[in-house]
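Asks: Predicted model and sequence below, questions to follow.
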Amino acid sequence: MLVGAYGGLRFGELAALRRSRVDILRGRVTVAETLVDVGNELSFGPPKTRSALRTVPLPRLVVAALDDHLSRFTAAGGDALVFTGGQGGPLRRSRFRARHWVPATRAAGLAGLRFHDLRHTFVALTIAAGADPKRVSVRAGHSSVAFTLDRYGHLYESDEDDLTMRLDALLEGTQPTPDATVVSLEGRS
């Protein structure tokens, strides 16, 4: 759940995550494949788009929980799946949903929450943390920044007042930007 909410990985990307693609020291996971479950047939393959191939940084608390998970629940070897089903095999979306997700969301008072909603949570959290649209798009593995803005642009609206205050400060000369020089336009012809 933590890697989904704070890393923005899709269910199939989490289900296909292998030990060799987790870098605990750098606090990153690399998305290089996905697990697809169609008609009760499982298959591993590349993510749905080229931009979905990515390395995602994780917050320290998530990395600590992931490190603990690796030591307690993940088999040895680089090809070992990080997250597995009850018998150690690949996670199946329908079984995970019925056995774990639905009971957990009901117990938390969040009945009806979908696993994919963790991706939306991830995007909202990164925007709230001040990430620009390009960084959000890359971390989420979106096909373009335009997609990110079309889908989540409304979350940036709360920045409007802050942006206006910063522009006022620049015009008043009370807060120059850290990496640029503000040149007064007064007295110029």
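Replies: Ah, there it is. Residues are numbered from 1 along each chain as shown.
Asks: which residues of the protein fall in strands?
Replies: Chain-ordered strands for the chain, with DSSP state E as the definition, fall at 22-23, 28-31, 34-38, 41-45, 54-57.
Asks: Now render these as JSON lines, adding mean neighbour count.
Replies: (Glycine included, C-beta is placed from N, CA and C.) JSON lines is the format used below for those (neighbours: other C-beta atoms under 10 Å):
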{"stretch": "strand 22-23", "mean neighbour count": "18"}
{"stretch": "strand 28-31", "mean neighbour count": "20"}
{"stretch": "strand 34-38", "mean neighbour count": "17"}
{"stretch": "strand 41-45", "mean neighbour count": "11"}
{"stretch": "strand 54-57", "mean neighbour count": "17"}
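Asks: Now render the ones you listed as a markdown table, adding distance to A107 and mean pLDDT.
Replies: Putting the strands of the chain into a markdown table (distance: least, C-beta to C-beta, whole Å; pLDDT from 0 to 100) gives the following:
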| stretch | distance to A107 | mean pLDDT |
| --- | --- | --- |
| strand 22-23 | 28 | 98 |
| strand 28-31 | 27 | 97 |
| strand 34-38 | 25 | 92 |
| strand 41-45 | 28 | 94 |
| strand 54-57 | 28 | 95 |
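Asks: just for the chain, where's the confidence low?
Replies: 157-159, 175-189 (pLDDT under 70).
Asks: Just the helices from it, written as ranges.
Replies: Using DSSP state H, the helices assigned to the chain run over residues 2-7, 11-15, 60-73, 93-96, 102-107, 117-128, 133-140, 145-152, 159-172.
Asks: With distance to F73 as added columns, please give the strands of the chain in TSV.
Replies: Output for the strands of the chain, formatted as TSV (distance: least, C-beta to C-beta, whole Å):
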stretch	distance to F73
strand 22-23	13
strand 28-31	16
strand 34-38	17
strand 41-45	20
strand 54-57	20
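Asks: so which of those gets nearest Y156?
Replies: The closest of these to Y156 is strand 54-57. By C-beta to C-beta, the value is 21.0 Å.
Asks: just checking, what packs against the closest one?
Replies: strand 28-31, helix 133-140 (3 or more C-beta pairs under 8 Å, 6 or more residues apart in numbering; DSSP states H and E).
Asks: Surely L58 touches A5?
Replies: No: using C-beta atoms under 8 Å, L58 is not in contact with A5, being 10.4 Å away.
Asks: tell me the contacts of the residue nearest to R119 when sequence neighbours are not counted?
Replies: With C-beta to C-beta, 6 or more residues apart in numbering as the criterion, R119 has its nearest non-adjacent residue at 5.4 Å, and that residue is G8. G8 is in contact with V56, L118, R119, F122, V123, T126, R139, A140, G141, counting by C-beta atoms under 8 Å, 6 or more residues apart in numbering.
Asks: nearest to S20, of those?
Replies: Distances from S20 to the contacts of G8, taken by C-beta to C-beta, are shortest for V56, at 15.2 Å.
Asks: Nothing else from me, thank you.
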